[in-house]
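> here you go, sequence then predicted model.
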2 protein chains.
Amino acid sequence: MLDFTYYAPTKVYFGKGMEKKVGEIIKEYGYQKIMLQYGGGSIKKTGLYDRVMTSLTENGIAVVEMGGVEPNPRLSFVKKAIQKAKEEQVEMILAVGGGSVLDSSKYTASGAKYDGDVWDFPLRKATPKDALPVGCILTIAAAGSEMSSSAVISHQDMKRGYNSDFNRCQFAICNPELTYTVSPYQTACGIVDIMAHTMERYFSVCPPTDLTDRLAESILKSVIQAGRTLIDNPEDYEARATAMWASSLSHNDLTGCGRQNVLAVHQLEHALSGEYPQIAHGAGLAVLFPAWARYVYSYQPERFAQFARQVWDVKEEDDQQAALCGIEKMEEFFTQIAMPLKLREFEIPKECTARLADLCTFGKQRTIGTYIDLDYRDVKNIFDSCY
Amino acid sequence: MLDFTYYAPTKVYFGKGMEKKVGEIIKEYGYQKIMLQYGGGSIKKTGLYDRVMTSLTENGIAVVEMGGVEPNPRLSFVKKAIQKAKEEQVEMILAVGGGSVLDSSKYTASGAKYDGDVWDFPLRKATPKDALPVGCILTIAAAGSEMSSSAVISHQDMKRGYNSDFNRCQFAICNPELTYTVSPYQTACGIVDIMAHTMERYFSVCPPTDLTDRLAESILKSVIQAGRTLIDNPEDYEARATAMWASSLSHNDLTGCGRQNVLAVHQLEHALSGEYPQIAHGAGLAVLFPAWARYVYSYQPERFAQFARQVWDVKEEDDQQAALCGIEKMEEFFTQIAMPLKLREFEIPKECTARLADLCTFGKQRTIGTYIDLDYRDVKNIFDSCY
């Protein structure tokens, strides 16, 4: 077990109808004026917006609205939000939505307490020294952003993130019922994203971490089962609740304690959906995770074999064979939940792989990965293998 | 899954030599004067005291000492500590030790910000509205107090606790190497305590909580394996680290998410070690947990059967039989790690059970438990069955 720091201070209010408490919760923290960020307006159709506003109003909270956060949110939007947050002197940001709204809100929160360009943070030119608090009402189980330290936005052809404890939400309101209306496709994308957050930490070169392994395998098994249930029963509360809680636990660092946390496949995927924003993050991960696993498993077959046996119940005794069986089972599951396995399914040209490899390696300036350092050529090979 | 609130804000610094950072960590929080609480002086023999003082001094932290915390600490000691904390205007309490030092420190922290009698809190006459922050350097893996919301002390013939978010440590420094010198007996007591915190939450009447169940089973399996390893290899870093991290996770509420948290066996044990302070809490739990399980398992045999199959690898198909096998396996394990299974091993008189049942039910004024409400007669039956 490697040394680690674990810090997951987000207070999670989990359960049915919990969003109605938002005003009360915010009042208890003592905030009187907040910025409300949300996406394209689906929260208005579902009635969530009204419930939230009612609760806020009843508790005397003044609201500055900043709707219209796009999937893969852009720096230009965030900059407008920062300016507004400063002008209006809001005391906190309330994100109502999923990973994108949280990404935008986190950047806004750090930017509102920073005099420079918020893009400095992902470029590592500066680290946040202060931030407004962020709270959220989660509407999709996927990114784990509600408890994570990460935030990602896009600018020009770059999709970049940075980690900071200032990115940890102060509170997260998680009502699984709010995800009943999430489409089967987006639900599946979420399941893949949750799995990826756990698997990224699981697959790294480290001394033994049995306890963390068992926890990671537990989360994977539970979320796979939930994914299968949700295909036919999108309103199964237990499955929705399992996915939602697994989303938080998979990315609040619990599954990484004592391990390296490299997130190699996320680096590949950020290049992909940064270049092609029409690709949902989870769908990109579904294509890339098995491709990456096939490329690297032979560097530590016993680890991939453990994954196969513990998570997918593979009985094969030979490690190499078991490892491959596990990857196949993962692909079968992704197919079951109607996720793509090949880049051609996105209708993007085969020639793009050079460009993607270039983006991913910052123009051949960096390598990524844990089993081997994946350079430009490796990354291009992986993208090519996705066709 | 029942609705729940999850809040575990403690920042955990986990790993080798981590205690040397204590001064730096405290300085970062901005505290300049602290109270140091510790036990009977074993930290002086091991050199830990010197390392801590060096780090504090180097970082310009003034220290008010309050050594001599006893196992099952008493209200009289806590009151002295509160008075000293107030007089000296310390800004935080640093607990260096195990569960008892943490219990004492938590009570001191709440008492220092309260004008009334701190015993009001366990008697439910008042709830803390403020408290000094508490940090700790953990020297034994057992109580889970480093991340839990609970604190327990003794007064006259009562051992009483209360839960509050003010009881959550601000930070916990966890170096598994510090537990190398913990005796086999105390190590085993710790293993039982960790298991009990998880099992108490596991055994309750609730809707399904598959994810929480898998996490609980993972923690149990890992800590049982660590317990077995430590019999012969007390300096096995991985096993010590597993026990220590499991100690935190078993009592920071992770294993209770979506479940009732009744802690029935702890209520029984508090009566026992409250009356006979020579009994270590973990040893008391080792006697009482199987006895309690045998008394109640038939009210939900399928749950006890799941426990048997998932944790102890029992293959028996009949739920009743599997449940009993699981309890037997637990007893076998406790015997393996040299824990007692009968009250007579403590050399306390058989007649004491009436008195213990009286204490546990607050003079027949309350019932405890989850499968059935255990009244005075039930509680006495359980204690009697331990002979």
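In hand now; what should we look at?
> am I right that residue A:93 is in a strand?
Yes. When classified by DSSP: H, G, I helix; E, B strand; the rest coil, residue A:93 is found to be part of a strand.
> and it, how many neighbours?
Using other Cβ atoms under 10 Å in any protein chain shown, residue A:93 has 30 neighbouring residues. No exception for glycine: its C-beta is placed from N, CA and C like everyone else's.
> ok, now residue A:375?
16.
> grab the nearest non-local neighbour of it.
Sequence neighbours aside, residue A:367 is the residue nearest to residue A:375 in space, at 4.8 Å (criterion: Cβ to Cβ, 6 or more residues apart in numbering or on different chains).
> so the one you found touches residue A:357, yeah?
No. Contact criterion Cβ atoms under 8 Å: residue A:367 and residue A:357 do not qualify, at 11.5 Å.
> which of the two has more neighbours?
residue A:357 (24 against 14).
> quick one: the residue lying closest to the more buried one once chain neighbours are set aside and residue B:167, what's the gap?
Nearest residue to residue A:357, sequence neighbours excluded (Cβ to Cβ, 6+ apart): residue A:380, at 3.8 Å. To residue B:167, residue A:380 is 54 Å away according to Cβ to Cβ, to the nearest Å.
> more crowded one of these two?
Neighbour totals were compared for residue A:380 and residue B:167, and residue B:167 leads with 24 against 19 (other Cβ under 10 Å).
> OK, contacts around that one?
For residue B:167, the contacting residues are B:106, B:110, B:131, B:134, B:148-151, by Cβ atoms under 8 Å, 6 or more residues apart in numbering or on different chains.
> 10 Å instead, please
For residue B:167, the contacting residues are B:102-103, B:105-107, B:109-110, B:121, B:128, B:131, B:134, B:145, B:148-151, B:161, by Cβ atoms under 10 Å, 6 or more residues apart in numbering or on different chains.
> check residue A:347 too.
Residue A:347 touches A:276, A:278, counting by Cβ under 10 Å, 6+ apart.
> what does the pLDDT read for it?
Per-residue pLDDT puts residue A:347 at 86.
> and what of residue A:72?
Per-residue pLDDT puts residue A:72 at 85.
> quick check: residues of the stretch 51-200 of chain A near chain B?
Taking Cβ under 10 Å from any Cβ of the partner chain as the criterion, the stretch 51-200 of chain A approaches chain B at residues A:147, A:165, A:168, A:170-172, A:174-176.
> any idea how far apart the tips of stretch A:116-124 sit?
This stretch, stretch A:116-124, spans 13 Å end to end (Cα to Cα, to the nearest Å).
> and the nearest residue to residue A:279 once chain neighbours are set aside, how far from residue A:343?
Leaving aside its sequence neighbours, residue A:279 sits nearest to residue A:273 (Cβ to Cβ, 6+ apart; 4.6 Å). For residue A:273, the distance to residue A:343 (Cβ to Cβ) stands at 12 Å.
> quick one, which of the two is more surrounded?
Neighbours of residue A:273 and residue A:343, each counted by other Cβ under 10 Å, are more numerous for residue A:343; the result is 25 against 22.
> wait, the more buried one touches residue A:271, no?
No. Look at residue A:343 against residue A:271 with Cβ atoms under 10 Å: they stay out of range, at 12.0 Å.
> SS state for residue A:160?
Three-state secondary structure (criterion: three-state DSSP) places residue A:160 in strand.
> residues contacting the nearest residue to it once chain neighbours are set aside?
Leaving aside its sequence neighbours, residue A:160 sits nearest to residue A:122 (Cβ to Cβ, 6+ apart; 3.6 Å). Contacts for residue A:122 (Cβ under 10 Å, 6+ apart) come out as A:75, A:107, A:151-153, A:155, A:158-162.
> buried ones only from these, please, as a ChimeraX command.
In ChimeraX, a selection of the buried entries from the contacts of residue A:122 looks like this (16 or more other Cβ atoms under 10 Å in any protein chain shown):
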select /A:75,107,151,152,153,155,158,159,160,161,162
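> what about the contacts of residue B:167, which are in strands?
Under the assignment DSSP state E, these contribute B:134, B:150-151, B:161 to strands.
> closest one to chain A out of these, please.
Nearest to chain A among the ones in strands among the contacts of residue B:167: residue B:134, at 15.2 Å, using Cβ to the nearest Cβ.
> would you mark the buried spots in the helix or strand harbouring residue A:193?
Element membership for residue A:193, per DSSP states H and E: helix A:184-202. Neighbour-count burial for helix A:184-202 flags A:186-202 (criterion: 16+ other Cβ under 10 Å).
> looking at whichever helix or strand residue A:247 is part of now, give me its mean pLDDT.
If you go by DSSP H and E, residue A:247 is part of helix A:237-251. Averaging pLDDT along helix A:237-251 gives 98.
> and that helix with helix A:184-202, angle?
40 degrees (axes from the mean of the first three to the mean of the last three Cα atoms, to 10 degrees).
> output the contacting helices and strands for the helix or strand following helix A:237-251.
Later in the chain than helix A:237-251, the nearest helix or strand by DSSP H and E is helix A:264-275. In terms of contacts (3 or more Cβ pairs under 10 Å, 6 or more residues apart in numbering or on different chains; DSSP states H and E), helix A:264-275 is packed against strand A:150-155, strand A:158-163, helix A:184-202, helix A:281-296, helix A:352-360, helix A:376-385.
> next structured bit after the fourth one?
Right, the one you point to is helix A:281-296. helix A:301-312.
> can you give me the buried ones in that next one?
Quick answer for helix A:301-312 (16+ other Cβ under 10 Å): A:301, A:303-312.
> what do you get for stretch A:252-270?
For stretch A:252-270, by 16+ other Cβ under 10 Å, it's A:252-259, A:261-270.
> check stretch A:224-244 too.
Taking 16+ other Cβ under 10 Å as the basis for neighbour counts, the residues of stretch A:224-244 that come out buried are A:224-227, A:229-230, A:234, A:236, A:238-244.
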